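*Asks:* show me the folded form of this:
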Amino acid sequence: MARYIGPKTKIARKFREPIFGPDKNFEKRNYPPGQHGQSKKRSKMSEYATQLREKQKVKYTYGILERQFAKTFDRASRKEGITGENLLQLIESRLDNVVFRMGIAPTRSAARQLVSHRHITVNGKVVNIPSFTLKAGDIVGVRERSKSSQVINDSLRGRASRYPWLEWDETKMEGKFINAPARTELPETIKEQLIVELYSK
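*Replies:* I've put the predicted structure just below:
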């Protein structure tokens, strides 16, 4: 799952959302794949199937393995507060996700690769673990020798989104993870309660 290299448009059509980012092919065929994709007489999903699909959507969106996801949910369930919101906050606090949110990489898979290849630093030290959990106040930056990378610079030039829980300094090519985002700040359409119900069975 973390290194999914199959047809992304097909997966996006399965969930009826462009979960991997802008996709012209998805826009042309934004209905489920298969010969009955456009049929209105699709079988109704069971409660379990609906919950499982939501979990799979989150895993594909963030590129997380099953075991990693289960461990993250366990951590979320042991924290104070609402389990579903805790889960999303922990996922959003992953280093690879923050690198993507800051615009250093165009996609989460590209962000994972940058982290694995030691292009990213946290508080001045190189960190090559994509699942590394950031804490409020941590500084995420581009390694000095990687600041001339065309891939990184192209991504930063196309950086459009701004998020209230992140700060970015263009001159230093580094940003600050202010805090884990509130549920209302996340742009993804995720029904986290379905995931909580799935793990509660």
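*Asks:* show me what counts as buried in the stretch of helix or strand residue 56 belongs to.
*Replies:* Per DSSP states H and E: residue 56 is located in helix 47-62. Along helix 47-62, these residues count as buried under the neighbour rule (16 or more other C-beta atoms under 10 Å): 51, 53-62. C-beta here means a position set from N, CA and C on the backbone, and glycine is covered the same way.
*Asks:* stretch 124-138 now?
*Replies:* Judged by neighbour count using 16+ other C-beta under 10 Å, the buried positions of stretch 124-138 are 127, 130-132, 134, 138.
*Asks:* just the residues you listed: which are in strands?
*Replies:* residue 138 (DSSP state E).
*Asks:* for residue 93, state which of the buried residues of stretch 124-138 is nearest.
*Replies:* Within those, proximity to residue 93 (C-beta to C-beta) peaks at residue 134, which comes in at 5.0 Å.
*Asks:* quick one: residues contacting the closest one.
*Replies:* By C-beta atoms under 8 Å, 6 or more residues apart in numbering, the contact list for residue 134 reads 93-95, 98, 122, 140, 177.
*Asks:* what's stretch 105-116 in contact with?
*Replies:* With C-beta under 8 Å, 6+ apart as the test, stretch 105-116 has contacts from 2-4, 20-21, 61-63, 95-97, 99-100, 104, 120, 127-130, 132, 146, 151-152, 154-155, 158.
*Asks:* can you check stretch 151-168 too?
*Replies:* Looking at stretch 151-168 with C-beta under 8 Å, 6+ apart, the contacting residues turn out to be 98, 101-106, 110, 114, 119, 142, 146, 170, 173-182, 185, 187.
*Asks:* quick check: the most centrally placed residue in the chain vs residue 187, distance?
*Replies:* Per C-alpha atoms, centre = their mean, the C-alpha nearest to the average position across the chain is that of residue 62, at 3.1 Å. With distances taken as C-beta to C-beta, to the nearest Å, residue 62 is found 13 Å from residue 187.
*Asks:* how about residue 181?
*Replies:* If you measure residue 181 against residue 187 using C-beta to C-beta, the figure is 10 Å.
*Asks:* which residues are in contact with residue 195?
*Replies:* 51, 54-55, 58, 73, 84, 87.
*Asks:* now the helix or strand that it is a member of: buried residues?
*Replies:* Element membership for residue 195, per DSSP H and E: helix 192-199. The neighbour-count check on helix 192-199 (16+ other C-beta under 10 Å) flags 192, 194-199 as buried.
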